[in-house]
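> Got a predicted structure here, sequence first:
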Amino acid sequence: MTGGQQQYGAPQYGAPQYGAPAPYGAPHQQYGAPQYGAQVYSSHRYTTGPDSYVPTVAPVVPPGERLLGIVNVDLSDLVRRVPRRYRPERDGALRVLYYLFDIVAVVIELLEEAVFGFFRVMRRIFRGRGLVGGWESQAGRFAIAVLTGPKATRDYENHDTLMVFTDRRILLVHELGKGPEVLGEIPGGQLTRIELRLTAVSGRADAHFADGSRAALEIGEKDAAALEALARGAVPPPSH
């Protein structure tokens, strides 16, 4: 943890009892919106609507699960697009379109990788790797869930997600105009710590997982201390 970051105390609650978590990308049930109000830390919104993300994510937090905090993060651009063999298949019309334009998409992706891949490699020399452990690791599955994005997209280059911490898991939620969509979840105990690597020109934070893998994130300075605290099991004070 970098100097100057605020420390928070551990939460006061017993270990929750729950079953096996849903896999990354599994559909989630929509629930009624519990009244958390201003009692939960939330990143501030910079769009129209409520300043807090609590009303946005409340419908996907099941009854009996305690909401601890919501942090808006971006997967670092050092993490490249999901390789084709690891991409979840799309359903319905999008799946038909995917096969229809598959050959064209392959050619475009090869050209993009040839051009932008060089610059990505150069950035890695100075900034380090964006994903360590491979796509089949815990960090890799996290990256796949985020990059795959909501069902309405098909470019596998979504980088934005809300990390919704509860007392059982971390939900990965994408905010849509029609409501929240759960991209996946990180089971309890998989995310072991957040390493803050903030500088004057970078808002980088590395998410470390239990199997030794890690993924680079980009985060605003105001949310960095809250993310680090939530990852180690502490509860930050409500945002204002």
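Happy to help now that I have it. Everything numeric in this text was worked out from a predicted model, so none of it was measured.
> Contacts for stretch 133-142 next, please.
With contact meaning C-beta atoms under 8 Å, 6 or more residues apart in numbering, stretch 133-142 is reached by 24, 82-83, 86, 131-132, 143-144, 172, 184, 186, 190, 207, 209-215. The way it works is simple: take the backbone N, C-alpha and C, and place the C-beta from them, glycine included.
> Mind doing that once more with 6 Å?
24, 86, 190, 209, 211, 213-215 (C-beta atoms under 6 Å, 6 or more residues apart in numbering).
> Would you quantify the distance from Glu195 to Leu147?
Distance of Glu195 to Leu147, computed by C-beta to C-beta, to the nearest Å: 21 Å.
> So for the two, which sits in the more crowded spot?
More crowded of Glu195 and Leu147, by other C-beta atoms under 10 Å: Leu147, with 22 against 16.
> Quick check: the more buried one is in a strand.
No. According to DSSP: H, G, I helix; E, B strand; the rest coil, Leu147 belongs to no strand; its state is helix.
> Name the nearest residue to it, ignoring sequence neighbours.
Closest residue in space to Leu147, ignoring its immediate chain neighbours: Val82 at 4.8 Å, by C-beta to C-beta, 6 or more residues apart in numbering.
> How about Leu172?
Nearest one to Leu172, counting by C-beta to C-beta, 6+ apart, is Leu183 at 4.4 Å.
> Show me what counts as buried in the helix or strand hosting the one you found.
If you go by DSSP states H and E, Leu183 is part of strand 179-187. Residues of strand 179-187 classed as buried by neighbour count (16 or more other C-beta atoms under 10 Å): 180-187.
> before we move on, what about stretch 169-182?
169-175, 180-182.
> Pop the domain breakdown of the protein in here.
Domain ranges of the chain: 41-79+129-231, 86-127, per automatic domain parsing.
> which of the ones you listed has the lowest average pLDDT?
Among those, domain 86-127 carries the lowest mean pLDDT, at a mean of 56.
> Can you show me the helices along the protein?
54-57, 92-100, 102-127, 138-148, 221-231 (DSSP state H).
> re the thing from before, a markdown table for the domains of the chain, including distance to Pro237?
Listed next are the domains of the chain as a markdown table, based on distance: least, C-beta to C-beta, whole Å:
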| stretch | distance to Pro237 |
| --- | --- |
| domain 41-79+129-231 | 7 |
| domain 86-127 | 32 |
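> could you dump stretch 185-194 to PDB, C-alpha only?
Extracted C-alpha coordinates of stretch 185-194, given in PDB (Å, rounded to 0.1, in the frame of the first residue of the first chain):
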ATOM      1  CA  GLU A 185     -18.600 -12.500 -10.000                       C
ATOM      2  CA  ILE A 186     -15.400 -13.100  -8.000                       C
ATOM      3  CA  PRO A 187     -16.100 -15.800  -5.400                       C
ATOM      4  CA  GLY A 188     -15.300 -14.900  -1.800                       C
ATOM      5  CA  GLY A 189     -11.600 -15.400  -1.000                       C
ATOM      6  CA  GLN A 190     -10.300 -15.200  -4.500                       C
ATOM      7  CA  LEU A 191      -9.300 -11.600  -4.500                       C
ATOM      8  CA  THR A 192      -6.600 -11.400  -1.900                       C
ATOM      9  CA  ARG A 193      -5.400  -7.900  -2.100                       C
ATOM     10  CA  ILE A 194      -5.100  -4.700  -4.100                       C
END
